[in-house]
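Novice: with the input below, show me the fold.
(2 chains)
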Amino acid sequence: MTLVLSEKMDAFLSELDVPSNDIQSNVIERVKGMDFPTTRDEYWKYTRVGKISNTKFTNTSTTSADIDVQSHLISDNYIIIENGKIRSDISQINNDFEVNYTSATAVNHLVNLNDNDVFTALNAGLFDQAITIKIAANQTIEKPLQLVFLSTGERVMANNRILIDSGKSSAAALVVSTISQGANSCFNNTITEVNVAENAHLTIHKIQNESASNLSISTEQVKQAKNSTFKINTFTLTGLLIRNNINIAVAGENCETYMNGAIVSSGKQHVDNHTYVDHQVPNCYSNENYKYVMDDHSNGVFNGRVIVQKDAQVINAYQNNGNILLSDNASINSKPELEIYADDVKCSHGSTTGQLDESALFYLQTRGISLANAKKLLVSAFIGEVIRSTENEAVTQLIERLLQTEYGWDFS
Amino acid sequence: MASYTEEELAADLKNQEYKFGFTTDIESEKFPVGLNEDVIRLISAKKDEPEWLLEYRLNAFKIWQEMKEPEWAHVHYTKPEFQEISYFAAPKKQYESWDDVDPEMKATMDKLGISMDEQKKLTGVAVDFVMDSVSVATSFKEKLGELGIIFSSFSEAVQNHPDLVRKHLGTVVPTTDNFYAALNSAVFSDGSFCYIPKGVRCPMELSTYFRINESGTGQFERTLVVADEGSYVSYLEGCTAPQRDENQLHAAVVELIALDDAEIKYSTVQNWFPGDKDGVGGIFNFVTKRGICHTNSKISWTQVETGSAVTWKYPSCILKGDNSIGEFYSVAVTNNYQQADTGTKMIHLGKNTKSTVISKGISAGQSQNSYRGLIQINKNAHNARNFTQCDSLLMSDRCGAHTFPYIECLNNSAKLEHEATTSKIGEDQIFYCQQRGLSEESAIGLIVNGYVKEVLNKLPMEFAVEAQKLLAISLENSVG
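Specialist: Residues are numbered from 1 along each chain as shown, chains lettered A, B, ... in the order given. The predicted structure follows:
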């Protein structure tokens, strides 16, 4: 039995180049004894990873000469990463953020290389250079730093590693765009480790707009110190298989945590969002709002988990998940979980699944709006709430424009 | 319910120890501990069962041996040692009629508040009293017989209506369903069987009282309720158990079958011994309850769970027929070191199926109380509708309340709502009541009663009163 499994992992690794250093080759040795998750694992109950585990990816692609990412850029401070390799030649960074590119040997004291999750371990063993981003203490940065992860070529696995360290009383935002250019069946495996220091405010906007055959697994490991605010907005538009894990440890008092998500899917897309908020200390607030609009044969998964640990009193935690199924063949699996071990808490969650209100559609039609347009209007209103919660005009506009291009939806 | 006053509640609150913790001293016949094919053959022979039932048991035993105990529930306990349990215990004396029943056993029933004599005359409830695996007395049988209703112990049903039993046994909860269902299928000792013929509305509430009496004896009850086309039945199940220091396993299987246009209302008050203040002892309650609804039929589960050290129970509905309805109303109270992982599954298969889930959890002391539910809308379940509300009330800073809802929707015409809240009783609410002259304890009693009222209202009258008392007893001294 075990022999068969390791054969599978061996096959998966066969065409992947491991960076030549002891640290990472040790990690890969460990990975060889691991297995890919199956739907029998509670954490992967609704998501099959066969499309990933049965593909032989490579990671030795050459870089492309003609890259056009202009339409996705919303900041003049950006880093372009092509297939996991940093393209400093076409990136443009100013001194707002302290950005460094470091190999595994230099950052092994910072990153967690011992994780037992197979994808995290694969990333640890295979990443080329980690991007470390520092936000100086007491600094408020107006313009966001944009990371553009670009897939090109065929069956390329990109292992991206990002470390974000926001200093005390700093305020900044990052935009993480995942896009493709002529890519086919590429796999993005991204790990982001985030430290939010005392009094710091940090926002991350994730925009996932990959090719229709791309696969993506991304994980954010966040730790919040006291009085900090962390906000993460996820916008998923395209990509065949998308799995987002957001794990937030709220380790300091008086923190605020926000997670928003807007997912618009069609074709045979599978979009899976797992969020996990661990309230370890008292007096905190967390709020989560994920909205899915599923069309065609697409499949959505939402798993929101909030844990309030013993003695973490006076916690207010809210979760909301709204789903609209536009087609007969779309499906959604929702699992909002609460685990509460303290008593002075106000926690609630809500999950709704349904379709567009027929009377509203009828009303709009009586006003001379076509059925197709009426649908777009209602969907825009449903999901627009999340899109406008970015509090960043440029990001909102970009997403609205992308939605317009992809789905012809008008949000103006 | 109206006759139960605040004073009585206060008086009840003074009762600290487990109220129904007493042991009836009746001679009983007990098998040696352990489980193997011979034991199963012996159980079957003892009950003079037909060949097919023995086959059924042996097959289940084979399946069970290959299964693993489930570990996904949010509970922690020392697993029962299955070879150290005695799988059959029956009171030695068998009674011909109610008058022959041992006076001591009658007294036991009096303490439980279900004196048969009284019930016969006053309430019109027929009781199938189960004391340790074998039904002792069955009343009102003749009256029910006139309507063609069959209500008897499971073993009797096997003898008298083998075709009916064979046709329906295991159709809702197959032997392979889960570890404990397989175990039950192999060793079930007795239980109740109920059949309501076509178009008959059962005139009285059918009730079974379960009771674990033999120390170290697992109870493996099997209940099968079949409501034929257009019939109606309301079934009550309640349980109390004497105080013991060792964990006792209870793995029952309940199967409900509602044929076209039928309605089954199944109510439970569960008050097995929950262990003492330090979490010593108590019953392990691992129950599989499931009903299947055919066209236009309805199954309604109502449960009040206050007992057991560990509860693992998900009364479910398979909404197979078009326009069928499933309901689940639950109050689960945990105190001290109790652990409960309970909820429901609503499987929507037919068109226009509806389900309602109302779950109210109350946790106190150091207990852990989880709601785990599944709402599954299948591909062809057009226009399915579900409403789920699960609220948790926290009474101490050392307890836990958890919600694990699974919502799976494969049809775009479904409308699903799920809502959950977790909070403690507001200090302002208590303050307001105190201001009106209520003590803190009665204020909390009042608020808790209001909180669970939605569910208690669904219980038949006589159960509602008992349930309210149980809630008060379960929560005593939990005010933090």
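Novice: in the chain, which spans are helices?
Specialist: Since you didn't name a chain, this refers to chain A. For chain A, the helices defined by DSSP state H cover A:2-13, A:22-32, A:50-53, A:104-107, A:118-126, A:358-366, A:371-388, A:393-407.
Novice: was after chain B, sorry
Specialist: So, for chain B - with DSSP H - the helices run B:6-14, B:37-46, B:51-65, B:103-111, B:116-118, B:141-146, B:154-160, B:162-168, B:179-187, B:427-435, B:440-456, B:461-474.
Novice: CA atoms of the last one as CSV?
Specialist: The reference is to helix B:461-474. Provided in CSV are the C-alpha atoms of helix B:461-474 (Å, rounded to 0.1, in the frame of the first residue of the first chain):
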residue,chain,number,x,y,z
MET,B,461,-48.1,17.4,26.9
GLU,B,462,-47.0,14.7,29.3
PHE,B,463,-43.4,14.8,27.9
ALA,B,464,-43.2,18.5,28.0
VAL,B,465,-43.7,18.6,31.7
GLU,B,466,-41.1,16.0,32.3
ALA,B,467,-38.7,17.6,29.9
GLN,B,468,-39.0,20.9,31.7
LYS,B,469,-38.2,19.3,35.0
LEU,B,470,-35.3,17.5,33.6
LEU,B,471,-33.9,20.7,32.2
ALA,B,472,-34.0,22.4,35.6
ILE,B,473,-32.4,19.4,37.3
SER,B,474,-29.7,19.1,34.7
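Novice: that one packs against which elements?
Specialist: helix B:6-14, strand B:232-240, strand B:263-271, strand B:298-305, strand B:325-334, helix B:440-456 (3 or more C-beta pairs under 8 Å, 6 or more residues apart in numbering or on different chains; DSSP states H and E). Where you see a C-beta, it was placed from the backbone N, CA and C, and this is true even at glycine.
Novice: and the fifth one, how far out from the chain middle?
Specialist: Think strand B:325-334. A distance of 11 Å separates the centroid of the chain from that of strand B:325-334, by C-alpha atoms, centre = their mean, to the nearest Å.
Novice: run through the residues that contact the nearest residue to A:L202 once chain neighbours are set aside.
Specialist: Nearest residue to A:L202 in three dimensions, chain neighbours excluded: A:S166, at 4.7 Å (C-beta to C-beta, 6 or more residues apart in numbering or on different chains). Contact analysis of A:S166 by C-beta atoms under 8 Å, 6 or more residues apart in numbering or on different chains lists A:K134, A:I135, A:A172, A:V194, A:N195, A:V196, A:A197, A:A200, A:H201, A:L202.
Novice: hmm, which two among those residues are most spread apart?
Specialist: A:K134 and A:H201 (15.3 Å; C-beta to C-beta).
Novice: so what's the residue nearest in space to the middle of chain A up against?
Specialist: Closest to where the C-alpha atoms of chain A average out (C-alpha atoms, centre = their mean) is A:N244, at 4.5 Å. Contacts for A:N244 (C-beta under 8 Å, 6+ apart) come out as A:K206, A:S218, A:T219, A:E220, A:T234, A:T236, A:D272, A:N273, A:H274.
Novice: against A:T236, how distant is the last one?
Specialist: Per C-beta to C-beta, to the nearest Å, A:H274 is found 13 Å from A:T236.
Novice: can you name the residue of the stretch 1-150 of chain B nearest chain A?
Specialist: Going by C-beta to the nearest C-beta, chain A is nearest to B:W72 of the stretch 1-150 of chain B, at 7.0 Å.
Novice: can you tell me the closest non-neighbouring residue to the residue nearest to the centre of chain A?
Specialist: Leaving out its chain neighbours, the residue that sits closest to A:N244 by C-beta to C-beta, 6+ apart is A:N273, at 4.9 Å.
Novice: is it true that the one you found touches A:T234?
Specialist: Yes - the criterion here is C-beta atoms under 8 Å, and A:N273 meets it with A:T234 at 6.8 Å.
Novice: give me the common contacts of these two.
Specialist: Shared contacts of A:N273 and A:T234 (C-beta under 8 Å, 6+ apart): A:N244, A:I246, A:G261, A:I263.
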